[in-house]
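Trainee: Turn this into a structure:
(2 chains)
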Amino acid sequence: MGAIEGIRKIDKKNHIVVISDEPYHTYSRPLISYYLAGKVAEENMYYRDRDFYGRNGVKPILGTGVRSVDFDRKTVVLCDGREVRYSKLLIATGGKPFTSPIENVYKENVFSFTKLDDVKKIEKAAARGARAVVVGASFSRLKAVEALVHRGVKVTVIDIMDRIMPRVLDETASSIVLKTLGENGVELLLKTTVERILGDEKAEGVLLSNKAVLACDFAVLAIGTRCNTDLVKGTKIKVNRGILVDGMMRTSEPDVYAAGDVAEGYNFIEERSMEIAILPSAYKKGETAGINMAGGERIFEKGFIMNSMPFLGLSILSAGLAEQHEGVRVKALLKEAENTCKSSYKKFYIKGNRLVGYLLVNGIDRAGIYTDLIRREEDISPFEDSLGGEDFGLICLPKDARKVRMLDGLNKE
Amino acid sequence: MNIGTSTGTASPAGISRKRIYCMEEVCIGCRLCEIYCIAAHSKYKYDLVKTFKKMLKRPLPGIIVEEQKPVSFGLQCRHCQEPECVKSCITGAMKKDPVTGVVTNDAFRCIGCWTCILACPYGVIRRDEQEGKIASKCDFCIENNGEPACVKNCPNEALQIGLAWE
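Mentor: Numbering: from 1, shown residues only, chains lettered A, B, ... in the order given. Take a look at the predicted model:
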């Protein structure tokens, strides 16, 4: 979608063909938990209007996957045998779920949580009072938990780590999350994993690595997602964890681009090419690829991870670095509320005179200013003390820095 | 004045579009911009007395007044050329109108995930949790021909309409 809008910024005429194995118009993957919670109807899961393809001169081929790509003949071969020729190709196959090896895993009531079809299946199993086991306490899994809680399902979450989301949350933040899970009747079992699914046709329970047995009516697996590079495996296209691309989203093969979660991107804070599997960067990578495919010029730069994680009434934002690194200072502010779930927690990661990351729990107002300080690599030394303050705003910045923002774009004539 | 037609002037430099700018040197921090913004978006359109006397749940102002004496200014959505909020929106609720350039949030489709709050460089999107959870921001008073109530009622003309090239 970002790519289509990118292409059409430059080129209004040439044909665009979109091929997807899913039968749906471009829908928002992050919305599947809202669908399951009954908060978003299927017709509102689409990013753009129904006539988006028509208006943009796009021919969609939906519900048919791609079998292979012949890069020499510049031809895409579909699973049904059809062939589509291209002059420029964008690979945006996204991510796919992976799970650790579990015995006896293929059951009709053991689900993934990645696609719309997954939640359509879960919806049927998730009756009020049903017992569910959710494996993996990642953010997307926690969104599944939230949706199940809203449906009145009794949920047990199992995670192999000793803390919840240790790469994003520190002790203080995870204690707020734990309290919230508890208040919503969710049980959390850490430092253990599912060894085996019990039951014949259907899963009736799980056997944990600590040999405990948990009965359940259904299970949601998939521990995380990885770049879905199946299509280019064994081809000339260079792949690391994701498809390797340059700043213009070009792969190692001429006229072939990659974007979205399948492509790596340059993370300027960690100073390396890596997966940045979040929606804002997926859009921008697509837009960048589209503009370049159409003959324009755009570089994807200053990529970094950022996430908004609203969850059972909590608001959690994180951007840039989220763990202690060498040479990085930390500033943390905790404002405790009577109910821990309402406590406000702010943590900033500072390297030299630059903000390189932050974590906010509940006190998230005006957070984008912090994100912008990271992006601009602004010298924060004149106002470092004001970070995290109740009245933090552009007013805390030196006048020059503020004027650049407030008068942005103004034509002075 | 209609920003849809009067600002779509194309030139080699791009399109000239109206934006609201605040001159902090002349802002007196009276917060009338907030008051008029709330009234302009209430069901009593522009009636201050009814808005504040009769409504228990009033709309949030689309402008944020920042103050650290002696400096003060009002700040609202910049309606950016490359809006971070639109690009990061996970529902498609946040949109930039290709004709007027105005960035608006479709309250019906917004689910209050706050990704726009994470992304907006100016910190001008608020959480509105009065009825459901939705992101709230300046809409350039598009329903009033794009004549922003804050600009119209700023007593010291600190808030002004300026032109920006996009």
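Trainee: for the stretch 251-400 of chain A, what spans make up the strands?
Mentor: A:256-258, A:264-267, A:272-275, A:306-308, A:316-320, A:329-335, A:344-351, A:354-361 (DSSP state E, counting those that start in this stretch).
Trainee: As a markdown table, those strands with mean pLDDT and mean neighbour count would be great.
Mentor: C-betas here are computed from N, CA, C, even on glycine. Shown next, in a markdown table, are the strands of the stretch 251-400 of chain A (pLDDT from 0 to 100; neighbours: other CB atoms under 10 Å in any protein chain shown):
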| stretch | mean pLDDT | mean neighbour count |
| --- | --- | --- |
| strand A:256-258 | 97 | 26 |
| strand A:264-267 | 86 | 22 |
| strand A:272-275 | 82 | 16 |
| strand A:306-308 | 93 | 24 |
| strand A:316-320 | 96 | 26 |
| strand A:329-335 | 96 | 14 |
| strand A:344-351 | 97 | 21 |
| strand A:354-361 | 97 | 24 |
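Trainee: Output those strands in a markdown table; the columns should cover distance to chain B.
Mentor: As requested, those are arranged in a markdown table below (distance: least, CB to the nearest CB, whole Å):
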| stretch | distance to chain B |
| --- | --- |
| strand A:256-258 | 18 |
| strand A:264-267 | 14 |
| strand A:272-275 | 17 |
| strand A:306-308 | 4 |
| strand A:316-320 | 5 |
| strand A:329-335 | 17 |
| strand A:344-351 | 13 |
| strand A:354-361 | 9 |
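Trainee: check contacts around residue B:110.
Mentor: Contacts for residue B:110 were tallied using CB atoms under 8 Å, 6 or more residues apart in numbering or on different chains; they are B:91, B:93-94, B:133-135.
Trainee: ok, so of the residues you listed, who is nearest residue A:215?
Mentor: Nearest to residue A:215 among the contacts of residue B:110: residue B:133, at 34.8 Å, using CB to CB.
Trainee: In contact with the closest residue to the closest one other than its chain neighbours, which residues?
Mentor: With sequence-adjacent residues excluded and distances taken as CB to CB, 6 or more residues apart in numbering or on different chains, residue B:133 is closest to residue B:112, at 2.7 Å. Contact analysis of residue B:112 by CB under 8 Å, 6+ apart lists A:310, B:127, B:129, B:132-135.
Trainee: do the same with residue B:61
Mentor: Going by CB under 8 Å, 6+ apart, the list of residues near residue B:61 reads B:33-35, B:37-38.
Trainee: still on that earlier bit, out of the strands of the stretch 251-400 of chain A, which is closest to residue A:156?
Mentor: Of the strands of the stretch 251-400 of chain A, nearest to residue A:156 by CB to CB is strand A:316-320, at 21.8 Å.
Trainee: Output the contacting helices and strands for the closest one.
Mentor: strand A:306-308, strand A:354-361, helix A:367-376, helix B:115-119 (3 or more CB pairs under 8 Å, 6 or more residues apart in numbering or on different chains; DSSP states H and E).
Trainee: okay, the angle between that strand and strand A:354-361?
Mentor: Strand A:316-320 runs at 160 degrees relative to strand A:354-361, counting by axes from the mean of the first three to the mean of the last three CA atoms, to 10 degrees.
Trainee: Show me what strand A:316-320 pairs with in its sheet, parallel or antiparallel.
Mentor: strand A:306-308 (antiparallel), strand A:354-361 (antiparallel) (DSSP bridges).
Trainee: Let me see the ranges of the helices in chain B.
Mentor: B:3-6, B:32-40, B:48-54, B:84-88, B:115-119, B:149-152 (DSSP state H).
Trainee: Identify, out of those, the most deeply packed stretch.
Mentor: helix B:115-119 (a mean of 28; mean count of other CB atoms under 10 Å in any protein chain shown).
Trainee: How about that helix and chain A, touching?
Mentor: Yes - using CB under 8 Å from any CB of the partner chain, helix B:115-119 comes into contact with chain A via B:115-119.
Trainee: Make JSON lines out of these and add distance to residue A:98 and pLDDT.
Mentor: Converted to JSON lines, the residues of helix B:115-119 next to chain A look like this (distance: CB to CB, whole Å; pLDDT from 0 to 100):
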{"residue": "B:115", "distance to residue A:98": "25", "pLDDT": "96"}
{"residue": "B:116", "distance to residue A:98": "30", "pLDDT": "97"}
{"residue": "B:117", "distance to residue A:98": "31", "pLDDT": "98"}
{"residue": "B:118", "distance to residue A:98": "27", "pLDDT": "97"}
{"residue": "B:119", "distance to residue A:98": "28", "pLDDT": "97"}
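Trainee: re earlier: now render the helices and strands packed on strand A:316-320 as JSON lines, adding distance to residue B:58.
Mentor: Output for the helices and strands packed on strand A:316-320, formatted as JSON lines (distance: least, CB to CB, whole Å):
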{"stretch": "strand A:306-308", "distance to residue B:58": "26"}
{"stretch": "strand A:354-361", "distance to residue B:58": "27"}
{"stretch": "helix A:367-376", "distance to residue B:58": "24"}
{"stretch": "helix B:115-119", "distance to residue B:58": "21"}
